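Asks: Structure of the sequence below:
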Amino acid sequence: MYDRFLGRSSSQPDLSGMLGETMSASTEVMILDDESIVGKRLGEHLAKRGFRVETFCESAAALARLAEKEFDVVVTDIKMKAPNGLEVLRWVREHHQCTQVVVITGYASIETANEAEIVGAFDFVCKPFHLDQVLAIVKRAAKKAKRQR
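Replies: As a prediction, this is how the structure comes out:
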């Protein structure tokens, strides 16, 4: 039941047709991860494909930016100094209902995936992940965000 959120599947997702497309420059993505290398690599990967990306290592700074600006997609780690990624997810759901949140973590569990799903995460990705895997998820999330606006 939670295989989608724990990154388990019997086969790799079909990314054909999704990876070659670029997104409109108006697609705004926030990346929040206390590991700066994760944000840097993922941010560069998304920016090369046409996303407008802002990267944060501290959740308090990210929340301050979210109070100023609505993003199409927020990609957030869970395990961080307070506020943690689930608290960020709750804040986004309360203030920006159209924004889609992708949760990433190196500490996946059924309980965490369940809580993220209940709170309203678009998807749940386990570290380590492939950049193209997250790219495909972010593209789907951005399309959903734009449809809801």
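Asks: what does stretch 111-128 contact?
Replies: Residues outside stretch 111-128 that contact it (CB atoms under 8 Å, 6 or more residues apart in numbering): 2, 4-7, 38, 73, 78, 86, 89-90, 93, 100-106, 108, 133-134, 137, 140-141, 144. Backbone N, C-alpha and C define where each C-beta goes, glycine included.
Asks: Quick check: buried residues in the lengthiest helix in the chain?
Replies: In the chain, taking DSSP state H as the definition, the longest helix is helix 131-148. By neighbour count on 16 or more other CB atoms under 10 Å, the buried set for helix 131-148 is 133-142, 145.
Asks: Kindly report the same for stretch 81-99.
Replies: 83-89, 91-92, 96, 99.
Asks: now do stretch 120-132
Replies: Those would be 121-126, 129, for stretch 120-132 by 16+ other CB under 10 Å.
Asks: now swap in stretch 35-53 and tell me
Replies: Quick answer for stretch 35-53 (16+ other CB under 10 Å): 38-39, 42-43, 45-46, 49, 51-53.
Asks: still on that earlier bit, the buried residues of stretch 120-132 in strands, which ones?
Replies: Among these, DSSP state E puts 123-126 in strands.
Asks: CA atoms only: put the helix or strand containing residue 65 into PDB for me.
Replies: Secondary structure from DSSP states H and E places residue 65 in helix 59-68. Extracted in PDB, the C-alpha atoms of helix 59-68 (Å, rounded to 0.1, in the frame of the first residue of the first chain):
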ATOM      1  CA  SER A  59      13.900  25.300   7.300                       C
ATOM      2  CA  ALA A  60      13.200  28.600   9.100                       C
ATOM      3  CA  ALA A  61      14.700  30.500   6.200                       C
ATOM      4  CA  ALA A  62      12.600  28.400   3.800                       C
ATOM      5  CA  LEU A  63       9.400  29.100   5.700                       C
ATOM      6  CA  ALA A  64      10.200  32.800   5.700                       C
ATOM      7  CA  ARG A  65      10.500  32.700   1.900                       C
ATOM      8  CA  LEU A  66       7.300  30.700   1.600                       C
ATOM      9  CA  ALA A  67       5.500  33.400   3.600                       C
ATOM     10  CA  GLU A  68       6.600  35.800   0.800                       C
END
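Asks: Thanks a lot, catch you later.
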